[in-house]
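S.K.: structure for the following, please:
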Amino acid sequence: MTLQTMTLQALPMQTGPIQTGPIPAQPARTEPHPGANHRRHLPPSRARLAVAIAAAALAACTTSATAQMAFSPACTAFTALAVALPQNAIVLSKHPVPHPAGDATVFSINGLNNYVVPAGSNSCVIAAPDANDVYCFQARNDPTITHVGIAAIVNPGGLTACQ
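M.R.: Modelled structure (predicted):
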């Protein structure tokens, strides 16, 4: 370890007459001082962008993982999904969206349950899923259903239940 030394440098001194008497009043300023106490207002477009970024960051912190499951009749392609509070349900949706035609069946590998997104509906909710399960998009009766989306959500109620 080395020891460094510092030398002080003398600042130049101001020379001249010393002012005595009352201190003159400062002129009033109408524009704000830039600095720590000054608020800058963003243009509307930048303010909207800042709000969008903040909302996306909040959503990323409060939303669990989502996935798109490709059709896999033998369940060789599967997706693990954890449902942890505050999420208490799973939403399944047929893709491409909107896709109300045909049924899509998702199989829960650990729970050994079939969940069907019924014809006439684009999505459905599993109200009380296992906390940690693995899912695969195993059956469909319409070949235009290419994927099933899966996401853990907070159940708002009133959504179509999976069959």
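S.K.: with adjacent residues omitted, what lies nearest to residue 131?
M.R.: What sits nearest to residue 131 in space, not counting adjacent residues and going by CB to CB, 6 or more residues apart in numbering, is residue 83, at 5.5 Å. Quick note: C-beta positions are derived from backbone N, CA and C, even for glycine.
S.K.: distance of the one you found relative to residue 111?
M.R.: The gap separating residue 83 from residue 111 is 12 Å, by CB to CB, to the nearest Å.
S.K.: who touches both of these two?
M.R.: Common neighbours of residue 83 and residue 111 (criterion: CB atoms under 8 Å, 6 or more residues apart in numbering): 129-130.
S.K.: pick out whichever of the two has more residues nearby.
M.R.: Shown here are residue 83 and residue 111; by other CB atoms under 10 Å, residue 83 has more neighbours (19 against 15).
S.K.: for the residue nearest to residue 131, what are its contacts?
M.R.: Taking CB under 8 Å, 6+ apart, one finds 64, 89-90, 129-132, 152 in contact with residue 83.
S.K.: would you list the phi and psi of residue 108?
M.R.: Phi and psi for residue 108, reported as degrees, to the nearest 10, are phi -90, psi 120.
S.K.: can you give me the pLDDT of it?
M.R.: The per-residue pLDDT reported for residue 108 equals 95.
S.K.: what about it, distance to residue 129?
M.R.: Residue 108 sits 8 Å away from residue 129, going by CB to CB.
S.K.: same check on residue 103?
M.R.: Distance from residue 103 to residue 129, by CB to CB: 19 Å.
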